[in-house]
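**Student:** Whatever this is, show me its structure:
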Amino acid sequence: MSSILPQILVSLVALGMALAFVLADRNSPTSRALSAALGSLGLAIVLNAAWFSRASPASPLPGWLALPEAASLIAFLEWALRVRRMLPARAMDTRAGDLALRLGQFLGVIYALLSLAFPQIRSRDFLFAVNGAASLERPGFWLFAAPILLASLTGLIAIVLLLNRRPDRAERIRVLALIAASPFLLSGFVLRIEMAPLSVMIGEMIFLIGSMQYYVLQGQRGQFMSRFLSSQVAELVRERGLDGAMQQNFIEITAVVSDLRGFTAYAQAHPSSSVIEVLRQYYDAAGQVVADYNGTIKDFAGDGILVLVGAPIVMQNHAAVGLAIARRLRETAREVTARWSSAEHRLGIGLGVASGFVTVGVIGSASRLEYTAVGPAVNLASRLCEHAGDGEILVDDRTRELAADEPLELREPIAVKGFSDPVNLFALPPEMSASR
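**Tutor:** Have a look, this model is predicted:
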């Protein structure tokens, strides 16, 4: 047992990493693939080492012991494939990288079949066999090394193509960590048994450091974004990837737009530090309100906020929820403006709410992506906000139809820029209590 103790320790590290990754994010396809890769790696190390320690030249290692090795290689390539599919491709053709990874997985299968067909050659010439240049001259060594090296090369090509798509910093760090760790992990199967554990342990530590950086950055990002996005949005992105969660759709939503009154004059008369603090408290309050109702903050533009209700998470009662958000925004914004208003410069808030069908999806350039909603409802909510006085919530006719139980005050139709006909107008009374 003592002779294979280093291999057992290295195997336990790999198995522990596999368990940690899957428990940290069990619903993520990428985490499950990564966990399978590390778990298979740990199993392969301990099985091969245990059998090798008691095998004799006359009794080669069984070929089935190569199956966990092949499974680990295939799972690592599957992880890379799933990472690629989570990143927005934009106008790039991703078929070459995906095909390279599938080819690498096929080579992993070839390695397993060769091991089953020629177990003695694998045991004698390949596994733990490298001890100087003479080992590399054996044809048997290259019979098994070639598919593994070629599979690794296809993975490297696919990852380079992935990096060309400019993944975010967290994903880039984890991918680069795998590139740096791969030579050490692969060397562990061909180095002499005394050196193999050290090589694999170095590879594991490199990848672990990169993965920890990934999770720290993802956690920081999630903590920040959770103030403005609903938890369901984060769940969709994690489970389906960016493309799957935010693909273009034509759906009916409710848009809520709020804007501070008197802010321009206030900003001109007060230090920039005070202006920034007003906006910070205003944004924080709005972010909490929107998160409470599972809405999505689309834009912060100066003192204006655009909230989408019903996208990307479909919501049947989006109009009623939109009105509830508007009411709460009015209340919380008044608390903020009351703290910062002065006799000379009084701050207030006006809001507009409109419902209708819009196109939602991801747009942007190679360096920046943005989730957006395009349609008359968004424009109308913005125009209604412009017409709203301090403390007013102006509502369009479609929102009134969808939220029929809400008591709204009828107003005179108004002419709105960008709309050919006068817009029927309603207002949400300030005395009504919010209800979710």
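**Student:** all contacts plus neighbour counts: C-alpha atoms, from now on.
**Tutor:** Noted.
**Student:** Off-centre distance for the helix or strand where residue 203 lies?
**Tutor:** According to DSSP states H and E, residue 203 maps onto helix 196-225. The chain centre lies 16 Å from the centre of helix 196-225; the measure is CA atoms, centre = their mean, to the nearest Å.
**Student:** for that helix, packing partners?
**Tutor:** helix 5-24, helix 169-187 (3 or more CA pairs under 8 Å, 6 or more residues apart in numbering; DSSP states H and E).
**Student:** per-residue confidence at residue 112?
**Tutor:** Listed pLDDT for residue 112 reads 94.
**Student:** Then residue 246?
**Tutor:** 55.
**Student:** Could you list the low-pLDDT ranges of the stretch 51-200 of the chain?
**Tutor:** 52, 55-59, 87-93, 128-136 (pLDDT under 70).
**Student:** ok, which stretches of it are helices?
**Tutor:** 66-86, 95-117, 119-121, 133-136, 139-163, 169-187, 196-225 (DSSP state H, counting those that start in this stretch).
**Student:** wait, which of those helices is closest to residue 269?
**Tutor:** Residue 269 lies closest to helix 196-225 among the helices of the stretch 51-200 of the chain, at 30.8 Å (CA to CA).
**Student:** strand partners of the top strand by length along the chain, parallel vs antiparallel please.
**Tutor:** Counting residues, the longest strand found in the chain (DSSP state E) is strand 348-364. Here strand 348-364 has these sheet partners by DSSP bridges: strand 249-261 (antiparallel), strand 369-374 (antiparallel), strand 393-396 (parallel).
**Student:** Same list (these) but as CSV, adding distance to residue 166, mean neighbour count and mean pLDDT.
**Tutor:** Shown next, in CSV, are the strands paired with strand 348-364 (distance: least, CA to CA, whole Å; neighbours: other CA atoms under 10 Å; pLDDT from 0 to 100):
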stretch, distance to residue 166, mean neighbour count, mean pLDDT
strand 249-261, 25, 24, 94
strand 369-374, 11, 16, 74
strand 393-396, 42, 27, 96
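**Student:** Specify the stretch among the ones you listed that is closest to residue 180.
**Tutor:** Comparing those under CA to CA, the one sitting nearest is strand 369-374, at 28.8 Å.
**Student:** returning to that earlier point: same question for the helix holding residue 203: list its buried residues.
**Tutor:** Neighbour counts using 16 or more other CA atoms under 10 Å place 196-204, 206-208, 210-211, 213-215, 217 of helix 196-225 among the buried residues.
**Student:** Show me the strands in the stretch 301-436 of the chain, by range?
**Tutor:** For the stretch 301-436 of the chain, the strands defined by DSSP state E, counting those that start in this stretch cover 304-309, 348-364, 369-374, 393-396, 409-414, 423-427.
**Student:** Report all helices and strands that the last one contacts.
**Tutor:** This means strand 423-427. Against strand 423-427 (3+ CA pairs under 8 Å, 6+ apart) you get strand 393-396, helix 397-402, strand 409-414.
**Student:** Output the second one as CSV, nothing but the C-alphas.
**Tutor:** So the one you mean is helix 397-402. What follows is helix 397-402 as a C-alpha-only set of coordinates in CSV (Å, rounded to 0.1, in the frame of the first residue of the first chain):
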residue,chain,number,x,y,z
ASP,A,397,-54.3,51.8,-22.3
ARG,A,398,-52.9,48.3,-22.8
THR,A,399,-51.6,48.1,-19.3
ARG,A,400,-55.0,49.1,-18.0
GLU,A,401,-56.6,46.3,-20.0
LEU,A,402,-54.2,43.7,-18.7
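**Student:** any idea of the mean pLDDT in that helix?
**Tutor:** 95.
**Student:** if I look at the closest residue to residue 51 other than its chain neighbours, how far off is residue 374?
**Tutor:** Using CA to CA, 6 or more residues apart in numbering and skipping the chain neighbours, the partner closest in space to residue 51 is residue 61 (6.6 Å). Residue 61 is 63 Å from residue 374, where distance means CA to CA, to the nearest Å.
**Student:** Next: residue 160.
**Tutor:** Taken as CA to CA, the span from residue 160 to residue 374 is 35 Å.
**Student:** give the contact list for the nearest residue to residue 171 once chain neighbours are set aside.
**Tutor:** The shortest distance from residue 171 to any non-neighbouring residue, by CA to CA, 6+ apart, is to residue 214 (6.3 Å). Residue 214 makes contacts with 170-171, 173-174, as judged by CA atoms under 8 Å, 6 or more residues apart in numbering.
**Student:** now do residue 425
**Tutor:** 394-397, 410-414.
**Student:** go with 10 Å
**Tutor:** 384, 394-398, 400, 408-414 (CA atoms under 10 Å, 6 or more residues apart in numbering).
**Student:** ok, so of the residues you listed, who is nearest residue 33?
**Tutor:** residue 398 (46.2 Å).
**Student:** Can you tell me the number of residues neighbouring that closest one?
**Tutor:** Residue 398 has 18 neighbours, counted by other CA atoms under 10 Å.
**Student:** For the residue nearest to it when sequence neighbours are not counted, grab the count of nearby residues.
**Tutor:** Once flanking residues are discounted, residue 398 sits nearest to residue 355: 5.7 Å by CA to CA, 6+ apart. Applying other CA under 10 Å, we find 29 residues neighbouring residue 355.
**Student:** so what pLDDT did residue 355 get?
**Tutor:** Note on residue 355: pLDDT of 97.
**Student:** again, but for the one 4 residues further on
**Tutor:** The pLDDT attached to residue 359 in the predicted structure is 90.
**Student:** on that earlier part again, mind putting the helices and strands packed on strand 423-427 in a markdown table, distance to residue 344 included?
**Tutor:** Shown next, in a markdown table, are those (distance: least, CA to CA, whole Å):
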| stretch | distance to residue 344 |
| --- | --- |
| strand 393-396 | 25 |
| helix 397-402 | 37 |
| strand 409-414 | 31 |
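**Student:** List just the one of those that sits closest to residue 249.
**Tutor:** helix 397-402 (19.9 Å).
**Student:** Check whether residue 158 really touches residue 79, as I assumed.
**Tutor:** No - with contact defined as CA atoms under 10 Å, residue 158 does not reach residue 79; the gap is 11.5 Å.
**Student:** Export the strands paired with strand 348-364 to CSV and append columns for distance to residue 31.
**Tutor:** CSV is the format used below for the strands paired with strand 348-364 (distance: least, CA to CA, whole Å):
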stretch, distance to residue 31
strand 249-261, 28
strand 369-374, 24
strand 393-396, 45
